[in-house]
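Novice: Any chance you could fold what I've pasted below:
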Amino acid sequence: MTDAEQYLLALYIAEHRRSPPVSSGTVAEMLDKSTATVTETFQRLHRDGLVEYESYEGARLTEAGRERAAERHEAYAALSWFFRSVLGLDAHEAEAMRLASRVSGPVSDRIASTLPLEEVADGADATRVPTGELGGDDGEDSA
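Specialist: Below is the predicted model of the structure:
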């Protein structure tokens, strides 16, 4: 896994929370990086075909970038859920963002399989969701 995947993941999450393009400043805030560092990384990812980047506009994922980010998002979701529901961390999203690009798929799957779930009736169907997800909105999207 690379640090580039952390930027792709942050852009993926930001695109689900607001319409693209996403500014360098938005991603810089998510990753606790400087705007200049994020801009340089977006330019590199643009050259690699993973994002479309326009100066003063921001970035959006290409299909290839979206696929890579989606793979990391599963690890991010499992880690964030674990850090919040098991460890009770307030900064669960930030911690998950830092580690998601470093955790393999099988490990994140194993973490997710050990977490507590609740059954939610939705009409005739029942859905299993992380314990604690039913309460208020904690600012997290389902992205």
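Novice: which stretches of the protein form strands?
Specialist: Secondary structure of the chain (DSSP state E): strands located at 51-54, 58-61, 117-122, 125-130.
Novice: if you average pLDDT over each of those, which comes out lowest?
Specialist: Mean pLDDT is lowest for strand 125-130 among the strands of the chain, at a mean of 47.
Novice: count of neighbours near the residue nearest to A112 when sequence neighbours are not counted?
Specialist: In space, and not counting its chain neighbours, A112 is closest to A78: 4.0 Å by C-beta to C-beta, 6 or more residues apart in numbering. Every residue, glycine included, has its C-beta placed from N, CA and C. A78 has 24 neighbours, counted by other C-beta atoms under 10 Å.
Novice: likewise P116?
Specialist: For P116, using other C-beta under 10 Å, the count is 10.
Novice: what about it, distance to A77?
Specialist: 15 Å (C-beta to C-beta, to the nearest Å).
Novice: go on, D90?
Specialist: Here the criterion is C-beta to C-beta. By it, D90 lies 18 Å from A77.
Novice: more crowded one of the two?
Specialist: Each of D90 and A77 has its neighbours counted (other C-beta under 10 Å); A77 has more, 20 against 9.
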